[in-house]
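J.: Predicted model, plus sequence, below.
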Amino acid sequence: MYEFRDLFQWDRFITPTIIKTFYSFVIVLIVLFGLMGVFAGLAAMAISPFLGLLQILSTLVGSAVAVVFARIATEFILIVFRINEHLGAIRDQGTPR
């Protein structure tokens, strides 16, 4: 785990440890907005059942797509940091000629 003093040094990155918490936060937001959309669709069904059902379905599909894109974005960030670590290891084991 990182210490407080690691925040002021540039030898180690803190993003790989924070990204999982950030992903969980984004998932919670997606679920909350999805629930709001579903409830709004249920309320809209009182006015127009077809449009209310369409709103509910589009909210569910949109939420699923948002979860997938959030996962892709966080994995991309983690991959970039892993590439950096692997390149550093390759650099450290190489000998200058």
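T.: Sure, I can see it.
J.: drop to CA atoms for contacts and neighbour counts, all remaining ones
T.: Fine.
J.: List phi and psi for Phe13.
T.: Torsion angles at Phe13 (phi, psi; degrees, to the nearest 10) stand at phi -100, psi 140.
J.: Tell me how many other residues crowd it.
T.: Neighbour count for Phe13, taken as other C-alpha atoms under 10 Å: 13.
J.: again, but for Phe76
T.: 12.
J.: which phi and psi does it have?
T.: According to degrees, to the nearest 10, Phe76 has phi -60, psi -40.
J.: now it: how far from Val28?
T.: 20 Å (C-alpha to C-alpha, to the nearest Å).
J.: And what about the residue lying closest to Arg71 once chain neighbours are set aside, helix, strand or coil?
T.: Distances taken as C-alpha to C-alpha, 6 or more residues apart in numbering put Tyr23 closest to Arg71, at 7.3 Å, once the chain neighbours are dropped. Following DSSP: H, G, I helix; E, B strand; the rest coil, we place Tyr23 in the helix state.
J.: these two touch, right, Tyr23 and Phe69?
T.: No - with contact defined as C-alpha atoms under 8 Å, Tyr23 does not reach Phe69; the gap is 10.8 Å.
J.: Looking at these two, which is more packed in?
T.: The neighbour count for Tyr23 versus Phe69, taken as other C-alpha under 10 Å, is higher for Tyr23 (17 against 12).
J.: So for that one, what's the pLDDT?
T.: Per-residue confidence (pLDDT) for Tyr23: 94.
J.: residue contacts, it?
T.: 70-71, 74 (C-alpha atoms under 8 Å, 6 or more residues apart in numbering).
J.: May I ask which of those residues has the most neighbours?
T.: Ala70 leads the contacts of Tyr23 on contacts (other C-alpha under 10 Å) with 18 neighbours.
J.: what is the mean pLDDT for the host helix or strand of that one?
T.: Using DSSP states H and E, Ala70 falls within helix 49-93. Average pLDDT, helix 49-93: 92.
J.: packing partners for it?
T.: Judged by 3 or more C-alpha pairs under 8 Å, 6 or more residues apart in numbering; DSSP states H and E, the packing partners of helix 49-93 are helix 15-44.
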